[in-house]
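Peer 1: Kindly return the folded structure for what I paste below:
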Amino acid sequence: MLLFSVINSSCSEEPSGRGEEPKNKKAPTFTLKNIDGGSVSLKKLRGKFVLLSFWATWCLPCVNEMPLFQKGYEGWSEKNLVFLSINSGEDIGKVRGFMQRYSFTFPVLIDTHSEVSVKYNIKYFPTNILIDRDGTIIKTQTGAFENEEMIDKEILSPLGL
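Peer 2: Next up, the predicted model:
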């Protein structure tokens with residue numbers, strides 16, 4: 001289900017692309033609060049694959065891929081893949097309301113001052129980053145996923161999941 005009509009583009013002037021950032025570098029560690037007030041530390045997730053998705057509520061391609069993430073999230077935990085959605089630059093109340101309005105239940109971390117986004121050199125939304133069990137970035141993708149098959153091909157298959 002698409003919430004808006006724009007897909008597979010990024011909220012930027014630059015066209016979307018795959019693998020633009022250097023691979024095989026350690027993912028910067030962070031601890032962020034989630035929309036429920038708890039906190040999540042990337043360091044504590046070592047031993048698991050982690051998919052970070054940087055986004056904002058005003059980014060239509062970000063919003064369009066969220067139903068795909070919701071569907072995937074429901075099965076990824078049993079495959080040892082942790083999905084963390086990171087909202088960049090917005091107020092927790094606005095993000096919480098957005099998630100409730102669309103009935104999304106996947107975890108959302110709040111990067112209100114975009115400090116983590118800066119650490120990851122995020123220039124365009126959405127940007128998705130795949131981190132291996134050792135904490136190394138193995139894939140960076142800018143632009144929205146179009147469908148489940150694209151997620152399977154770009155994320156799950158390379159991990160053997």
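Peer 1: hey, let's count contacts and neighbours off CA atoms from now on
Peer 2: OK.
Peer 1: buried stuff in stretch 44-58?
Peer 2: Within stretch 44-58, the residues that qualify as buried are 48, 49, 50, 51, 52, 53, 54, 55, 56, 57, counting by 16 or more other Cα atoms under 10 Å.
Peer 1: For stretch 37-44, buried residues please.
Peer 2: For stretch 37-44, the neighbour count (16+ other Cα under 10 Å) marks 40, 42 as buried.
Peer 1: Show which residues not belonging to it make contact with it.
Peer 2: Defining contact as Cα atoms under 8 Å, 6 or more residues apart in numbering, one finds that stretch 37-44 is touched by 29, 30, 31, 32, 33, 34, 109, 135.
Peer 1: The protein: strands as residue ranges?
Peer 2: 17-18, 25-26, 31-34, 39-41, 49-55, 81-88, 108-111, 127-131, 136-142 (DSSP state E).
Peer 1: Same list (these) but as CSV, adding mean pLDDT and distance to residue 154.
Peer 2: As requested, the strands of the chain are exported to CSV (pLDDT from 0 to 100; distance: least, Cα to Cα, whole Å):
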stretch, mean pLDDT, distance to residue 154
strand 17-18, 39, 9
strand 25-26, 92, 19
strand 31-34, 96, 26
strand 39-41, 97, 25
strand 49-55, 97, 11
strand 81-88, 96, 14
strand 108-111, 97, 22
strand 127-131, 96, 10
strand 136-142, 93, 9
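Peer 1: so how many other residues sit close to residue 157?
Peer 2: 10 (other Cα atoms under 10 Å).
Peer 1: Model confidence at it, what's the number?
Peer 2: At residue 157, the predicted lDDT confidence score is 86.
Peer 1: centroid residue for this structure?
Peer 2: residue 53 (0.9 Å; Cα atoms, centre = their mean).
Peer 1: Kindly state the beta-bridge partners for it.
Peer 2: Applying DSSP bridges to residue 53 gives these bridge partners: residue 85, residue 128.
Peer 1: Next, the contact list for it, please.
Peer 2: 83, 84, 85, 86, 126, 127, 128, 129.
Peer 1: The first one: neighbouring residues, count only.
Peer 2: Burial measure for residue 83: 22 neighbouring residues, criterion other Cα under 10 Å.
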